[in-house]
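S.K.: Turn this into a model:
(chains A and B)
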2 protein chains.
Amino acid sequence: MSVEHGKEIALEEAKSIEFWFDFASTYSYLSAMRIADMAREAGVSVAWRPFLLGPAFLALGWNDSPFNIYPPKGRYMWRDLERLCDKYGRAFKRPSQFPRNGLLAARIVCANEDAAWTPDFVRAVFSANFAADRDIGDRVVIADILTTLGRSTDELIAMAEMAENKEKLRHRSEQAISLGLFGAPSFIVDGELFWGNDRLEDALDWARKSST
Amino acid sequence: MSVEHGKEIALEEAKSIEFWFDFASTYSYLSAMRIADMAREAGVSVAWRPFLLGPAFLALGWNDSPFNIYPPKGRYMWRDLERLCDKYGRAFKRPSQFPRNGLLAARIVCANEDAAWTPDFVRAVFSANFAADRDIGDRVVIADILTTLGRSTDELIAMAEMAENKEKLRHRSEQAISLGLFGAPSFIVDGELFWGNDRLEDALDWARKSST
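M.R.: Next up is the predicted model:
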């Protein structure tokens, strides 16, 4: 970040997208698998923003996923997800438990948002949940994913569970509500909120336009 | 429909999409303005299926639009709609009343689903609601639209309000629930349900694939 390149850096920094996701969220799976390649192609950087949907849903009066509360929406979503995975060429296996507890995985990302291995970890956790039907709420599964990625498992889990980091994730989930989020995935570009995997292309277009 | 062309006709008839819409529905406006041209290009015929969302929402426990019941969803939807209208090059003026009463307009379509002028009427009613902020629940507005299209206003309104046609629309709205619909627009192709303006492209692709 040298001074003489200040202007270029400022332009580059403007081209960014915040990707807000919950590891239990079905449509977040689709965006998590797609966003890194698409953003790279668009010249846009990704800010990974794990949060917990629970508080946002509670604020709407829902104590469970709306896909469980409203059966017609749930039936449709599972079929839709299957079709979309086919379309995108992504593996899909309907989780035997839904929604799963993504707390530990979210805390790990929260403590390592800018690490080079974080996007791989995010994709591995989503794949475990939605392509392999593994219980991502089980720390053995999370430890296994970290080990596979060559990371120091015990240290990362200990870091993730430090009070300060727990507070960071709580703050993120409150911040999500104050930003107007009510579902996941959501994208924020230049103050504009985009909701749903369907809006990933539009959000990236917005980032391209807003930075030129 | 001559006998010697039977095979061709059968193939053509397989390529069709049911378009389920409610005149009060914001995202139905987008699909109503887009579907005819897109379907023509795809070689797919459109079956216009007006229905009332009210009973489907009541079945989910909602006595109003979810965009009114859940303010964060509503705030997002209005901004999203504005952005999408920009993207599609469509006029948009936020209606001063939402949702509006689309009963008479739906009855008129219900009685004339296959008429050549029906797609124009559908687009004119949606435009009145979402581009001109006119009260489509007012029969003077509906009469004005019919007159502009060169139709015999009094006769069409009388036909629309015959007991048999009222019953047809009621049946349609019940049929929507039994088909698994929970929102609008929805598309049905070859037994597959697609929900939302976002899925119009996918639904047309499905029609193309399922007929080849």
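S.K.: how about A:S28, what does it touch?
M.R.: With contacts defined as CB atoms under 8 Å, 6 or more residues apart in numbering or on different chains, the neighbours of A:S28 are A:F21, A:D22, A:F126, A:A184, A:P185, A:N197. For the C-beta atoms, the positions are set from N, CA and C on the backbone; glycine is no exception.
S.K.: how much space between it and chain B?
M.R.: Per CB to the nearest CB, to the nearest Å, A:S28 is found 16 Å from chain B.
S.K.: can you map out the strands along chain A?
M.R.: Counting by DSSP state E, chain A has strands at residues A:16-21, A:45-50, A:186-189, A:192-195.
S.K.: and among those strands, the most buried is which?
M.R.: Mean neighbour count, computed with mean count of other CB atoms under 10 Å in any protein chain shown, is highest for strand A:186-189 among the strands of chain A, reaching a mean of 25.
S.K.: sorry, back to before: ok, so of the contacts of A:S28, who is nearest chain B?
M.R.: Using CB to the nearest CB, A:N197 is the member of those that lies nearest chain B, at 9.2 Å.
S.K.: how about the residues of chain A near chain B?
M.R.: Counting by CB under 8 Å from any CB of the partner chain, the residues of chain A close to chain B are A:59-60, A:70, A:72-73, A:75-76, A:79-80, A:83, A:87, A:180-182, A:192-196, A:198-199, A:202.
S.K.: List only buried entries from these.
M.R.: With neighbours counted by 16 or more other CB atoms under 10 Å in any protein chain shown, these contain buried members at A:59-60, A:70, A:72-73, A:76, A:80, A:83, A:180-182, A:192-196, A:198-199, A:202.
S.K.: Please dump the contacts of A:S28 into CSV; it should also carry distance to A:G102 and pLDDT for every row.
M.R.: Listed next are these as CSV, based on distance: CB to CB, whole Å; pLDDT from 0 to 100:
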residue, distance to A:G102, pLDDT
A:F21, 9, 98
A:D22, 6, 98
A:F126, 9, 98
A:A184, 10, 98
A:P185, 13, 98
A:N197, 17, 98
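S.K.: Most neighbours among the residues you listed, please name it.
M.R.: A:P185 (28 neighbours; other CB atoms under 10 Å in any protein chain shown).
S.K.: for that residue, what are its contacts?
M.R.: Counting by CB under 8 Å, 6+ apart, A:P185 makes contact with A:19-21, A:25, A:27-28, A:30-32, A:195-197, A:200.
S.K.: That one and B:F121: what is the separation?
M.R.: Computed as CB to CB, to the nearest Å, the A:P185 to B:F121 distance reads 38 Å.
S.K.: Kindly report the same for A:E18.
M.R.: With distances taken as CB to CB, A:E18 is found 43 Å from B:F121.
S.K.: Then A:E41?
M.R.: Summarising the geometry, the distance separating A:E41 from B:F121, computed by CB to CB, is 43 Å.
S.K.: So the two - more neighbours on which side?
M.R.: The residue with the greater number of neighbours, taking A:E41 and B:F121 and applying other CB under 10 Å, is B:F121; the counts read 22 against 9.
S.K.: ok, A:F67 touching A:K73?
M.R.: Yes: in this structure, A:F67 sits in contact with A:K73. The criterion is CB atoms under 8 Å, and the distance is 5.6 Å.
S.K.: Now for chain A, the helix or strand with the poorest mean pLDDT.
M.R.: helix A:6-14 (a mean of 50; mean pLDDT, DSSP states H and E).
S.K.: Kindly check the end-to-end length of stretch A:100-118 for me.
M.R.: Using CA to CA, to the nearest Å, the span of stretch A:100-118 from its first residue to its last is 20 Å.
S.K.: Actually, stretch A:83-96.
M.R.: 18 Å.
S.K.: Check stretch A:184-197 too.
M.R.: Span of stretch A:184-197 from end to end, CA to CA: 8 Å.
S.K.: so A:I188 sits right up against A:I17, yeah?
M.R.: Yes: using CB under 8 Å, A:I188 makes contact with A:I17 at a distance of 7.4 Å.
S.K.: so what's A:S210 scoring on pLDDT?
M.R.: At A:S210 the predicted local confidence, pLDDT, stands at 81.
S.K.: Nearest residue to it in space, ignoring adjacent ones along the chain?
M.R.: Distances taken as CB to CB, 6 or more residues apart in numbering or on different chains put A:D190 closest to A:S210, at 4.3 Å, once the chain neighbours are dropped.
S.K.: can you list the weak-confidence ranges in chain A?
M.R.: A:1-14, A:211-212 (pLDDT under 70).
S.K.: and if we set it to 90?
M.R.: Under the criterion of pLDDT under 90, the regions of chain A flagged as low confidence span A:1-14, A:209-212.
S.K.: Show me where it has its helices.
M.R.: Using DSSP state H, the helices of chain A run over A:6-14, A:26-42, A:53-59, A:66-69, A:71-88, A:103-111, A:118-130, A:139-148, A:153-160, A:163-178, A:200-210.
S.K.: wait, which of the ones you listed is closest to B:G54?
M.R.: Among those, the nearest to B:G54 by CB to CB is helix A:71-88 (15.2 Å).
S.K.: For that closest one, name the packing helices and strands.
M.R.: Helix A:71-88 is packed against helix A:26-42, helix A:66-69, strand B:192-195, with contacts defined by 3 or more CB pairs under 8 Å, 6 or more residues apart in numbering or on different chains; DSSP states H and E.
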